[in-house]
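S.K.: Below: sequence and its predicted model.
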Amino acid sequence: MSEPCTHLLLFGATGDLSKRMLLPSLYNLDADCLLPDCLRIIATARSEFDTPAFVAVVAAALDQFVDAERRSPVCDARFLARLAYVSLDASKPDAFAELAAAVGDSAQVSIFLSTAPSLFGPTIAGLAAAGLAGPGARLALEKPLGSDLASSRLINDAVAAAYPEDRTFRIDHYLGKETVQNLLALRFGNTLFEPLWNAAGIDHVQITIAETVGLESRAGYYDGMGALRDMVQNHMLQLLALVAMEPPARFDPASVRDEKVKVLRSLRPIDRRTVESHSVRGQYTSGAVAGQPVKAYAEELGKTSGTETFVALKAHVDNWRWQGVPFYLRTGKRLPERMSEIIVQFRPVPHSMFGDAVLKANKLVISLQPDENVGLTMMAKAPGLDREGLKLRSVPLHIGMDNAFADVRRRIAYERLLLDLIEGKQTLFVRRDEVEAQWTWIDQIRAGWEATDMAPKPYAAGNWGPPAAIALTERNGVSWHD
Ligand code: BG6
């Protein structure tokens, strides 16, 4: 499966993700001459465009979403010439014949479904019937891959009926982010951390994905899902798995994913007995973000809702390495800033020889966005003659990725993922057993919320969630790293 594909079929090609991320990513890859010369991109959607009309839509999207200095007339011409558009109603099996004709006898085709999940089943059936599921065909799927374990299994079964697992590419765009992969380099490319990377060396881990945006224009999708299913089920659990997994023997799809799934299966269930002490749900009310007044979630939605826009969890990985180490997770909309980071809080020294001087335990701060940074806090002596005793201060050791790799352009996560799909590399895609382990854990939390009638608590937009999120960690003497 490592032969590059000759055709990329893009379903949902007129959608927001396609215009903002997928087509600009493909353009960027093309500008760096990374796409196979012969690659044709066949776009499909319901809209009744012809190819020239679609090309005009793409050109406008590139104007908006590709940096001007990346553009050139030569690259524009080359990229736009790769495009063809086939209007297709996925619920009509006959429609796929035209698509098959556009692909022709090509042996290598990558198919990217960026459509409503309700269309996955008919689309896969249509593709298979049209002969587009043969040994050279790979299928990539964008989230949401279901809304619970049962619905995700239905999707996975429909996929498996046509595409075997080694040709199925489930996307979690966080795995395409540079710093997320850097986590692996940090853990397994250095000897420094691994001996301490366990319950003896680490007090707790925090993972935060904070967003300032609200509902945007996604009411139909988001209100049915909420923060737990929209962000924790996928991105946050993938981050947790990468932090907690055992060292894989190789950087290959089976080795990495085998280790991740073991972690996901070791997550201690949060159920009706523990849901109130281990989880917090919130929903934003009106407030201000970055000095701008913003409406309450219910007002944006136009009705009251029981959906959470914030969630905080205290998770545990029940294995030898992590016994007794809490993993605090939190994510939410309309928080004070856009910020994603992983904090690894090491344990304090067992004994201080410095009398009253306050020692702060080392902390590894891995910032994913907006800036990519890795920092490690260390105790250092404050300069001076120390007539009143040694003074110590916690100072950061900083690896600013922007400086260390100043000459390297930062890529959109989808550039990496699309190129890996085109080249058939699966390591950064999520395997079925991982998704199902993720849903199993999430479903228990939701069942716990239902059984205990746990409704979201209000928080004013622009705050770090409801006060209960602070209490969740403070009970254990831990503060969120804000
Ligand atoms: C998506 C969620 O998966 O990730 C969105 O559906 C969220 O609600 C987005 O805004 C966040 O991604 P990023 O890359 O901007 O952190």
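M.R.: Okay, I see it.
S.K.: burial measure for D252, as a count.
M.R.: A total of 13 residues lie near D252 under the criterion other CB atoms under 10 Å. The C-beta positions use only the backbone N, C-alpha and C, and glycine is treated the same way.
S.K.: from what I can see it touches T427, true?
M.R.: Yes - contact criterion CB atoms under 8 Å: D252 and T427 qualify, at 6.2 Å.
S.K.: tell me, what's touching these two both at once?
M.R.: When contacts are counted by CB atoms under 8 Å, 6 or more residues apart in numbering, the set common to D252 and T427 is empty.
S.K.: F11 and the ligand: what is the separation?
M.R.: Using CB to the nearest ligand atom, to the nearest Å, one gets 18 Å for the distance from F11 to the ligand.
S.K.: Work out for me the element P458 sits within.
M.R.: strand 457-460 (DSSP states H and E).
S.K.: Likewise for S110?
M.R.: Using DSSP H and E, S110 falls in strand 109-113.
S.K.: just checking, what packs against that strand?
M.R.: If contacts are counted by 3 or more CB pairs under 8 Å, 6 or more residues apart in numbering; DSSP states H and E, strand 109-113 sits against strand 7-11, helix 120-129, strand 137-141, helix 413-423.
S.K.: which other residues reach the third one?
M.R.: Yep, that's strand 137-141 we're talking about. 1, 5, 108-113, 120, 124, 127, 133, 155, 159, 162-163, 167-171, 417, 421, 424, 429.
S.K.: I'd like to know how many residues surround the nearest residue to N319 once chain neighbours are set aside.
M.R.: In this structure, N319 finds its nearest non-sequential neighbour in S266, 4.8 Å apart by CB to CB, 6 or more residues apart in numbering. Number of residues near S266 (other CB under 10 Å) recorded here: 18.
S.K.: S266: what's it in contact with?
M.R.: 317-319, 322.
S.K.: returning to that earlier point: of the contacts of strand 137-141, select the buried ones using a ChimeraX command.
M.R.: To isolate the buried subset of the contacts of strand 137-141 in ChimeraX, counting by 16 or more other CB atoms under 10 Å, use the following:
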select :5,108,109,110,111,112,113,120,124,127,133,155,159,162,163,167,168,169,170,171,417,421,424,429
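S.K.: Next up, the contacts around E246.
M.R.: Applying CB under 8 Å, 6+ apart, we find E246 in contact with 259, 262, 321.
S.K.: And those residues, which is closest to the ligand?
M.R.: Comparing the contacts of E246 against the ligand with CB to the nearest ligand atom places E259 closest, at 23.3 Å.
S.K.: do you know how far the closest one is from A357?
M.R.: 40 Å (CB to CB, to the nearest Å).
S.K.: Any buried residues in the helix or strand where E436 lies, and which?
M.R.: Using DSSP H and E, E436 falls within helix 432-451. Residues 432-449 are the ones in helix 432-451 that count as buried (16+ other CB under 10 Å).
S.K.: What pLDDT does the model give E415?
M.R.: Looking at E415, its pLDDT stands at 97.
S.K.: again, but for G224
M.R.: pLDDT, G224: 87.
S.K.: which bits of the stretch 301-450 of the chain sit near the ligand?
M.R.: S340 (CB under 6 Å from any ligand atom).
S.K.: show me where the stretch 301-450 of the chain has strands.
M.R.: 310-315, 327-332, 339-346, 363-369, 373-381, 392-400 (DSSP state E, counting those that start in this stretch).
S.K.: Next, format those strands as CSV and append mean neighbour count.
M.R.: Conversion of these to CSV gives the following (neighbours: other CB atoms under 10 Å):
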stretch, mean neighbour count
strand 310-315, 26
strand 327-332, 25
strand 339-346, 21
strand 363-369, 19
strand 373-381, 16
strand 392-400, 14
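S.K.: which residues does N198 contact?
M.R.: 321-322.
S.K.: Doesn't it belong to a helix?
M.R.: No - the assignment for N198, made by DSSP: H, G, I helix; E, B strand; the rest coil, is coil rather than a helix.
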